[in-house]
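K.L.:
A predicted structure for the sequence below; I have some questions about it.
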Amino acid sequence: MKLIELAAALDCRLAGDGSINITGVVGMEKAGEGHLTFLANPKYAPKLKHTQASAVLATQAVPDIATLISGNPYLDFARALELFYKPPTPKSGIHPTAAIASTAIIGEGASIGAFVSVGENVVIGRNAVIHPHVVIYDGVLIGNNVLLHSHSVVREFCQLGDRVVLQNGVVVGGDGFGFAKRRDGSHYKIVQSGITVLEDDVEVQTLTSIDRASVGETRVQRGAKIDSLVQVGHGCVVGEDNIICAQTGLAGSSILERNVLLAGQVGVSGHLTIHEGAIVYAQSGIGGDVDANARVSGSPAFDASTWLRAATGFQKLPELLRTVRELKKKLT
């Protein structure tokens, strides 16, 4: 594809030679002749001096290299990738080894792979792609244009909206972790009678578990993206356009409002609310409500800028202790 054609496809302004032939999209360090790369963060600008790429996506023209000028280089980098990488598209139809209940309704254009199991009274919308070894329990409702990868599981009566993506090994609607203690100390299992609902445009990465509610529902709202190895406990609400990074755990009845970001290995103690626009930094422990648009860090978490000062001070504690001991000796 000529660079001028790529500029038109991405609606970017071209600075430089538009006749360059672009054959792929590659990161700055590994890019070579014919490749398009991107500069989304100005601090990486010095690396452009060493790149072998033929062109770059950036917010302004870059000297000595053809540039596609973009208001959002990272987003346009993602859009450019789609022009050059086309994942395999399974053919529509039902594989002969799939086990489909007679009461299930499969929408037009669906592709059902080998050894898929679809239970009674399931409804699957149009153009679904369901890869081999997916298991869909009884009574599940699934929208249009979903993509379910191998070994994902959707448990009984749960619901997936349109364009939901489940990566490999995701479990939607597994039992919540609920037990009542008897007098003798043994545990009595609480029936998990609720469901899990994933709204439109939700994507869940590999080996993540989103539990069903004991009563009512667990809900992941429109556009939320959940990374690998995340645990969402029963009765939680994950808000619109949330980003939840890997190895995060939400205890039961946590409520996350819209546009919340939880970085990796965050722990949320449950029965609390993280309000709209909050950012929780990696390895933080959340034990209470978080204010809207707050930035918190640490365990227990508090204001991130204060935490940075405290973390810097923590490293100086041994020196401060020595100073205190010396002053104490002088005073006595």
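P.N.:
The structure has been received and is ready for your questions.
K.L.:
quick one: contacts for His131?
P.N.:
90, 113, 116, 148-150 (C-beta atoms under 8 Å, 6 or more residues apart in numbering). Just so you know, the C-beta spots here come from the backbone N, C-alpha and C atoms, and that holds for glycine as well.
K.L.:
please tell me how far the spatially closest residue to Pro300 that is not a sequence neighbour sits from Glu257.
P.N.:
Of all residues not flanking Pro300 in the chain, Gly287 sits nearest, at 5.0 Å (C-beta to C-beta, 6 or more residues apart in numbering). Counting by C-beta to C-beta, to the nearest Å, the separation of Gly287 from Glu257 is 18 Å.
K.L.:
more neighbours: which of the two?
P.N.:
Glu257 (19 against 13; other C-beta atoms under 10 Å).
K.L.:
quick one: secondary structure of the residue nearest to the more buried one when sequence neighbours are not counted?
P.N.:
Leaving out its chain neighbours, the residue that sits closest to Glu257 by C-beta to C-beta, 6+ apart is Glu276, at 4.1 Å. Per DSSP: H, G, I helix; E, B strand; the rest coil, the secondary structure class of Glu276 is coil.
K.L.:
tell me how far Glu276 lies from Val260.
P.N.:
Taken as C-beta to C-beta, the span from Glu276 to Val260 is 7 Å.
K.L.:
shared neighbours of the two, anything?
P.N.:
With C-beta under 8 Å, 6+ apart as the test, Glu276 and Val260 both reach Gly239.
K.L.:
okay, those two: which has more neighbours?
P.N.:
Val260 (25 against 15).
K.L.:
and the more buried one, how far from Glu217?
P.N.:
In terms of C-beta to C-beta, Val260 sits 19 Å off from Glu217.
K.L.:
mind listing the helices for this structure?
P.N.:
3-10, 73-84, 304-315, 317-331 (DSSP state H).
K.L.:
quick one: the shortest one to chain centroid distance?
P.N.:
Going by C-alpha atoms, centre = their mean, to the nearest Å, the spacing between the C-alpha centre of helix 3-10 and its chain's C-alpha centre is 29 Å.
K.L.:
the last one too?
P.N.:
Put simply, helix 317-331 sits 48 Å off its chain's centre (C-alpha atoms, centre = their mean).
K.L.:
now the angle from that helix to helix 304-315?
P.N.:
60 degrees (axes from the mean of the first three to the mean of the last three C-alpha atoms, to 10 degrees).
K.L.:
next one: the first one
P.N.:
Using the same axes, to 10 degrees, the direction of helix 3-10 lies 110 degrees away from that of helix 304-315.
K.L.:
with the second one instead?
P.N.:
Angle of helix 73-84 versus helix 304-315, following the same axes, to 10 degrees, is 100 degrees.
K.L.:
so for helix 73-84, what gets flagged as buried?
P.N.:
For helix 73-84, the neighbour count (16 or more other C-beta atoms under 10 Å) marks 73, 76-77, 79-80, 83 as buried.
K.L.:
same thing with the third one?
P.N.:
By neighbour count with 16+ other C-beta under 10 Å, helix 304-315 contains the buried residues 304, 307.
K.L.:
just the contacts of His131 now: which is nearest Ile195?
P.N.:
Leu148 (17.3 Å; C-beta to C-beta).
K.L.:
name whatever forms a beta bridge with that closest one.
P.N.:
Beta-bridge partners for Leu148, by DSSP bridges, are Ile130, Leu166.
K.L.:
could you report the separation of it from Gly109?
P.N.:
15 Å.
K.L.:
show me what contacts Ala128?
P.N.:
106-107, 110-112, 142, 144-148.
K.L.:
who wins for most neighbours among those residues?
P.N.:
Counting neighbours by other C-beta under 10 Å, Leu148 leads the contacts of Ala128 with 28 neighbours.
K.L.:
pretty sure that residue contacts Gly125?
P.N.:
No. Counting by C-beta atoms under 8 Å, no contact exists between Leu148 and Gly125, whose distance comes to 11.9 Å.
K.L.:
so who does Ala7 touch?
P.N.:
13-14, 18, 68 are the contacts of Ala7 under C-beta under 8 Å, 6+ apart.
K.L.:
pipe the residues you listed into TSV and attach neighbour count per row.
P.N.:
Formatted as TSV, these follow (neighbours: other C-beta atoms under 10 Å):
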residue	neighbour count
Arg13	13
Leu14	18
Gly18	16
Leu68	28
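K.L.:
just the closest of those residues to Thr306, please.
P.N.:
Of the contacts of Ala7, the one sitting nearest to Thr306 (C-beta to C-beta) turns out to be Leu68, at 41.0 Å.
K.L.:
who's in contact with the closest residue to that closest one other than its chain neighbours?
P.N.:
Leaving aside its sequence neighbours, Leu68 sits nearest to Cys12 (C-beta to C-beta, 6+ apart; 4.0 Å). Contacts for Cys12 (C-beta under 8 Å, 6+ apart) come out as 6, 57, 68-70, 76.
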